[in-house]
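Visitor: What follows is a predicted protein model with its sequence.
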Amino acid sequence: MLDETIQKEEGVIKMYDADKGFGFIKPDSGELDVFMHVSQAQDREATFTQGQTVRYLLTDGKNGRKSAAKIEIIYG
């Protein structure tokens, strides 16, 4: 269960490859781009596209890169 006190980040999908199911989010905070994967969608029916605004939890991913979890579309 998600701890409601955890602050989610927001950003815009910078690039998304629907065939491969991954892409990158440009965070509103100005930090480095965040890796995203379709398996981390909050709604399993979500369809991601470039330019959508999303909300997500920031996690430590592979190779020291930040990854998005619990991704939800908030606009677009």
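Guide: Arrived safely. Numbers count the residues shown, from 1 in each chain.
Visitor: Who are the contact partners of the spatially most central residue of the chain?
Guide: Nearest to the geometric centre of the chain sits residue 68, at 4.2 Å (CA atoms, centre = their mean). Residues in contact with residue 68 (CB atoms under 8 Å, 6 or more residues apart in numbering) are 9, 25, 34, 35, 36, 37, 40, 54, 56, 57, 58, 59. For every residue, glycine as well, the C-beta is placed using N, CA and C.
Visitor: can we see that at 10 Å?
Guide: 8-9, 11, 13, 23-25, 27, 34-37, 40-41, 54-59, 61 (CB atoms under 10 Å, 6 or more residues apart in numbering).
Visitor: gap between it and residue 51?
Guide: Distance, residue 68 to residue 51, by CB to CB, to the nearest Å: 16 Å.
Visitor: again with residue 19
Guide: Separation of residue 19 from residue 51 (CB to CB) stands at 18 Å.
Visitor: which of these two has more neighbours?
Guide: Each of residue 19 and residue 51 has its neighbours counted (other CB atoms under 10 Å); residue 51 has more, 10 against 5.
Visitor: looking at this, the more buried one is in a strand?
Guide: No. Checked against DSSP: H, G, I helix; E, B strand; the rest coil, residue 51 lies outside a strand; its state is coil.
Visitor: Local confidence estimate at it?
Guide: Predicted confidence (pLDDT) for residue 51: 97.
Visitor: Do I have it right that it meets residue 11?
Guide: No. Assessed by CB atoms under 10 Å, residue 51 is found out of contact with residue 11, at 11.4 Å.
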